[in-house]
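Novice: Here's a sequence, model it:
(one chain, ligands or ions: 1)
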Amino acid sequence: MSGERSTSARDVFRAPKGTHDILPPASRRFSGFVDAFSGRADQFGYGLVVTPIFEHLEVFLRVGESTDVVTKEMYEFDDKGGRRLALRPEGTASVVRAFVEHRPTEPWKVWYSAPNFRYERPQKGRYRQHWQVGAEVIGSPDPDLDIEVIDLATGFFAALGLSRVRLKLNSMGDAESRAAYIGRLRAFLEPHVSTLGDDFGRMLANNPLRILDSKDPAVIDVVERAPQLPEHLSAEASAHFEQVQEGLQALGIPFELDPRLVRGFDYYTGTTFEFAAESLDAAQDAIGGGGRYDGLAAEMGGPAVSGIGFGIGIERALLACDAEGVFAVPAAPLDVFVIDRRIDVAGTAAAVILHELRVEGLTAEKAYGGRSEKAQWKLAARHEARFTVVLDSSAAELIVRERSTGEEHTVPRELVVGWLYERASGSAIPSGGLQGRRP
Ligand code: HAM
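Specialist: From the prediction side, this is the model:
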């Protein structure tokens, strides 16, 4: 990647490689996505957690010192006080750090919406800054929580309108069963190092589980005959995994067992899962994923408590929505557009009406910079304003045009806000006003 380090003079004033701006009107969809997730998380009893965008490097090292995200892709830096810090590559480590620091009541159920930073090779659906919404529950191994977080994510995708999403499920087992399995896997794969090469040998030494989800056909061929993780679970891990599956079945949530599903971080134990969008290219089809991480809090100096959660990639999930033609968030038509005919008269009349309408919770706009009346009508049409109020030389009466019928009404100035409110909402302004609430 050394060739891409220099940035030409032209490019320094563009968003850095692998990042992007989100502008209106597309940003409506982005915020609509986060709002929909927030609403669902709220329904499930999850509170919003906001953590710093950077942490002490050690926090993220706990994510997995044998993973690419930590060893190759992290944005690390020293601050002016000589602290070694890193931009958040994923959300879970920060949330667990906050749990360990504040020790809230358990189980601690939180959700977040945040940008993450990974120095990846950018391509469609893979960026150096990407956004995730996610949820974490810390403090209980109860399988009902595995079911709950999967239900939260599954129902969210359905609420977006996505129907071609597959849920892949696996269990990494507890520390004991995992260690025993890794031993068996190593013994099975060791004889293949001579034919599969040095990279394979290195991966086998550092992180043998990652070999299971290799995309290399020669490796896949060997892996298909390798011992499988779920067959090596301890009795306890196996019973837990059974309960999770029974729960999902009881809720009517379809899933497929995928014994080769290995997620990208070292902290996973027990249940792991991923949501694959069938509408996206296989290389970037994971629109979300998560699992249990029973040792993470203890590794950060906290209590030995269990945790589970997931992250959903906002950009990728929106690409899946595009591919399925769902979750369009059309601009809401404006309630009122104020046209000022007295363009040569300096005054505050238009600004005052606008203010009064907005105080009552109506959406209202006007043109700026002394635009011609024709240009103002054009703008009103572009906003699809339901009502247009025309300010004329008469201060006492205003003309209101209703877009749907084309009807014009003459309304006394002192009644116009109430009149518009009533027409826009179908009810009168309650006594005491609305204090900005939408009708
Ligand atoms: P992750 O699988 O690395 O998990 O990321 C979650 C989701 O973020 C992915 O499924 C994908 O949709 C999106 N994503 C990841 N990297 C990129 C990228 N470079 N560009 C665009 N989208 C991306 C985690 O981050 C874990 N913290 C999830 C978790 C929460 N596990 C337990 N709790």
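Novice: CA atoms for contacts and neighbours, from now on please.
Specialist: OK.
Novice: Verify the stated contact: Gln284 with Gly125.
Specialist: Yes. Under the criterion of C-alpha atoms under 8 Å, Gln284 makes contact with Gly125 at 6.1 Å.
Novice: out of these two, which sits in the more crowded spot?
Specialist: Higher neighbour count among Gln284 and Gly125: Gly125, with 22 against 14, using other C-alpha atoms under 10 Å.
Novice: Make sure Ala180 is indeed in a helix.
Specialist: Yes. Counting by DSSP: H, G, I helix; E, B strand; the rest coil, Ala180 is found in a helix.
Novice: and it, how many neighbours?
Specialist: Counted with other C-alpha under 10 Å, the neighbours of Ala180 add up to 14.
Novice: List the contacts of it.
Specialist: By C-alpha atoms under 8 Å, 6 or more residues apart in numbering, the contact set of Ala180 is His232.
Novice: Tell me how far it lies from Gln228.
Specialist: Relative to Gln228, Ala180 is positioned 12 Å away (C-alpha to C-alpha, to the nearest Å).
Novice: same check, this time on Ile253
Specialist: Separation of Ile253 from Gln228 (C-alpha to C-alpha) stands at 24 Å.
Novice: For Ala180 and Gln228, list the residues in contact with both.
Specialist: Counting by C-alpha under 8 Å, 6+ apart, no residue touches both Ala180 and Gln228.
Novice: Am I right that Gly247 falls within a strand?
Specialist: No. Under three-state DSSP, Gly247 sits outside any strand and is assigned helix.
Novice: Please report how far it lies from the ligand.
Specialist: Taking C-alpha to the nearest ligand atom, to the nearest Å as the measure, Gly247 falls 19 Å from the ligand.
Novice: and that residue, how many neighbours does it have?
Specialist: 17.
Novice: Wait, it touches Glu148, no?
Specialist: No. Taking contacts as C-alpha under 8 Å, Gly247 lies outside contact range of Glu148: 9.2 Å.
Novice: Let me see the contact set for Val338.
Specialist: By C-alpha under 8 Å, 6+ apart, the residues touching Val338 are 350, 353-354, 364-367, 388-391.
Novice: If we use 10 Å, what do you get?
Specialist: Contacts for Val338 (C-alpha atoms under 10 Å, 6 or more residues apart in numbering) come out as 350-351, 353-354, 364-367, 376-377, 380, 385, 387-391, 400.
Novice: Okay, and which of those residues map to strands?
Specialist: Judged by DSSP state E, the subset of these located in strands is 364-366, 387-391, 400.
Novice: would you list those in JSON lines and tack on distance to Val336, neighbour count and pLDDT?
Specialist: Below are these laid out as JSON lines (distance: C-alpha to C-alpha, whole Å; neighbours: other C-alpha atoms under 10 Å; pLDDT from 0 to 100):
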{"residue": "Ala364", "distance to Val336": "5", "neighbour count": "21", "pLDDT": "97"}
{"residue": "Glu365", "distance to Val336": "7", "neighbour count": "23", "pLDDT": "97"}
{"residue": "Lys366", "distance to Val336": "9", "neighbour count": "18", "pLDDT": "96"}
{"residue": "Phe387", "distance to Val336": "5", "neighbour count": "24", "pLDDT": "98"}
{"residue": "Thr388", "distance to Val336": "6", "neighbour count": "26", "pLDDT": "98"}
{"residue": "Val389", "distance to Val336": "7", "neighbour count": "25", "pLDDT": "96"}
{"residue": "Val390", "distance to Val336": "11", "neighbour count": "21", "pLDDT": "95"}
{"residue": "Leu391", "distance to Val336": "13", "neighbour count": "22", "pLDDT": "92"}
{"residue": "Val400", "distance to Val336": "9", "neighbour count": "24", "pLDDT": "97"}
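Novice: Format those as a markdown table; extra columns: distance to the ligand.
Specialist: As requested, these are exported to a markdown table (distance: C-alpha to the nearest ligand atom, whole Å):
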| residue | distance to the ligand |
| --- | --- |
| Ala364 | 36 |
| Glu365 | 36 |
| Lys366 | 38 |
| Phe387 | 41 |
| Thr388 | 43 |
| Val389 | 45 |
| Val390 | 47 |
| Leu391 | 49 |
| Val400 | 48 |
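Novice: Next, format the residues you listed as CSV and append distance to Arg83.
Specialist: CSV is the format used below for the ones in strands among the contacts of Val338 (distance: C-alpha to C-alpha, whole Å):
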residue, distance to Arg83
Ala364, 48
Glu365, 48
Lys366, 50
Phe387, 57
Thr388, 57
Val389, 58
Val390, 60
Leu391, 60
Val400, 62
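Novice: where does the stretch 51-200 of the chain come near the ligand, residue by residue?
Specialist: Residues of the stretch 51-200 of the chain lying close to the ligand by C-alpha under 6 Å from any ligand atom are 90-92, 118, 125-128, 130, 132, 136.
Novice: Quick one, which of these are buried?
Specialist: Taking 16 or more other C-alpha atoms under 10 Å as the criterion, what is buried in those is 90-92, 118, 125-128, 130, 132, 136.
Novice: With pLDDT and secondary structure as added columns, please give those in a markdown table.
Specialist: Putting these into a markdown table (pLDDT from 0 to 100; DSSP: H, G, I helix; E, B strand; the rest coil) gives the following:
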| residue | pLDDT | secondary structure |
| --- | --- | --- |
| Glu90 | 97 | coil |
| Gly91 | 97 | coil |
| Thr92 | 98 | helix |
| Arg118 | 97 | coil |
| Gly125 | 95 | coil |
| Arg126 | 96 | strand |
| Tyr127 | 97 | coil |
| Arg128 | 98 | coil |
| His130 | 98 | strand |
| Gln132 | 98 | strand |
| Glu136 | 98 | strand |
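Novice: closest to Cys321 among those residues?
Specialist: Nearest to Cys321 among these, counting by C-alpha to C-alpha, is Gly125 at 12.6 Å.
Novice: Any idea what the closest residue to the ligand within the stretch 101-250 of the chain is bridged to?
Specialist: Distance from the ligand to each residue of the stretch 101-250 of the chain (C-alpha to the nearest ligand atom) is smallest for Arg126, at 3.4 Å. Taking DSSP bridges as the rule, Arg126 bridges to Gln123.
Novice: What residues does it make contact with?
Specialist: Going by C-alpha under 10 Å, 6+ apart, Arg126 touches 18-19, 118, 120, 283-284, 313, 315-316.
Novice: What is the most widely separated pair among those?
Specialist: Spatial extent of the contacts of Arg126 (C-alpha to C-alpha) is set by the pair Thr19 and Ala283 at 19.2 Å.
Novice: Compare the two and say which is more crowded by neighbours.
Specialist: Shown here are Thr19 and Ala283; by other C-alpha under 10 Å, Thr19 has more neighbours (15 against 9).
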